[in-house]
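1. just a sequence and a predicted model for now, questions to come.
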Amino acid sequence: MTQPDLRIAFAASDRPEALAARDRLMQLYGSADPASADVIVALGGDGFMLETLHANLQRRTPVFGMNRGSVGFLMNDYNEEGLPERLATAGRAVIHPLQMEAWTRSGEAQKGLAINEVSLLRQTRQSAKLRITVDDRVRLEELSCDGCLVATAAGSTAYNLSAHGPIIPIDARVLALTPISAFRPRRWRGALLPHTAKVRFEVLEPDKRPVSATADSFEVREVTRVEVRERRDIALTMLFDAGRSFEERVLAEQFAS
């Protein structure tokens, strides 16, 4: 597809600088309907990139982010010039989300998709107690903690990294299982799992120690059991400027001070 043929849709977060950037870019390049666009340009921060990918789950149009937010690890630098050329030469990073299925104390089951991570967190001052099963084999009978998460490679530099989990290259085909403030066993630091692994969390003492489960921003409270697996049948594409691939960012992050 030649550069002038690219149908570009623009989306912006509610930050004033993102909205102003969207208006300027639309004046420069026009704006296609997201339903028929070849690419979506997302203007904001990493959180808005996730929102855009979630909103695009059905169409799965490639998303090119430009940073008009704060952190911007998933975003490209903001520049209004030469956008069609940047899009035409951009590299692709394909990610697969996690499927979360959570059961509550009332017996209700709810599902959500996570591009970054599925996390379980204590709801009160009481620590959470979790039993962790991987592929139908109990690996930890009891983890006393503030919580635990399963992160994708794309999400490994987000909450997972803050919880001292490992950074994962995008093509590594593994998931990070990372405890959040583990109390017992105190020295357990988590595990790297094959991307095909099915993880089950069972909440011990759910009446006394309530736990919530979150798939990115979708939260289910007072859960008793949560199952997590990768949805390999769903492929989402992020675009990055040539020479600034997602792989290079992940590698550089591991040497950041």
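-> Cool, got the structure.
2. report the contact partners of G45.
-> Shown in contact with G45 (C-beta atoms under 8 Å, 6 or more residues apart in numbering): 13, 15, 67-72, 75. Every residue, glycine included, has its C-beta placed from N, CA and C.
3. so how far is L192 from the residue minimising distance to the centre of the chain?
-> Geometric centre of the chain, nearest residue: N116, 1.7 Å, by C-alpha atoms, centre = their mean. According to C-beta to C-beta, to the nearest Å, N116 stands 17 Å off from L192.
4. related to what we said a few turns ago, can I have the buried ones of the contacts of G45 as a PyMOL selection?
-> Burial among those is assessed by 16 or more other C-beta atoms under 10 Å; the matching PyMOL selection reads:
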select buried, resi 13+15+67+68+69+72+75
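5. so which one among the contacts of G45 has the lowest pLDDT?
-> Minimum pLDDT for the contacts of G45 is recorded at V71 (73).
6. just checking, it touches D46?
-> Yes: taking contacts as C-beta atoms under 8 Å, V71 lies within contact range of D46: 5.3 Å.
7. could you count how many residues lie near V211?
-> V211 is flanked by 27 other residues according to other C-beta atoms under 10 Å.
8. same question for P210.
-> As a burial measure, P210 scores 18 neighbours (other C-beta under 10 Å).
9. what do you get for the one 5 residues further on?
-> When counting by other C-beta under 10 Å, one arrives at 27 neighbours for A215.
10. list the contacts of it.
-> Residues in contact with A215, defined by C-beta under 8 Å, 6+ apart, are 98, 100, 112-114, 118.
11. show me these that map onto strands.
-> Members of these lying in strands (criterion: DSSP state E): 98, 100, 112-114, 118.
12. where exactly do the strands run in the stretch 51-200 of the chain?
-> All strands of the stretch 51-200 of the chain, identified by DSSP state E, counting those that start in this stretch, fall at 63-67, 91-95, 98-104, 109-114, 117-122, 128-134, 137-145, 147-151, 174-180, 191-194, 199-204.
13. tell me which of those strands sits nearest to S31.
-> Nearest to S31 among the strands of the stretch 51-200 of the chain is strand 63-67 (13.9 Å), distances taken as C-beta to C-beta.
14. show me what the closest one is in contact with.
-> The contact list for strand 63-67, computed with C-beta under 8 Å, 6+ apart, reads 21, 39-45, 48-49, 52-53, 56, 72, 74-79, 86-87, 90, 236-240.
15. filter the residues you listed to the buried ones?
-> Buried members of the contacts of strand 63-67, scored by 16+ other C-beta under 10 Å, are 21, 39-45, 48-49, 52-53, 56, 72, 74-76, 78, 86-87, 90, 236-240.
16. that older thread, just give me the neighbour total for the closest residue to the residue nearest to the centre of the chain other than its chain neighbours.
-> Residue nearest to N116 in three dimensions, not counting chain neighbours: G155, with 3.0 Å by C-beta to C-beta, 6 or more residues apart in numbering. Using other C-beta under 10 Å, the number of residues around G155 comes to 28.
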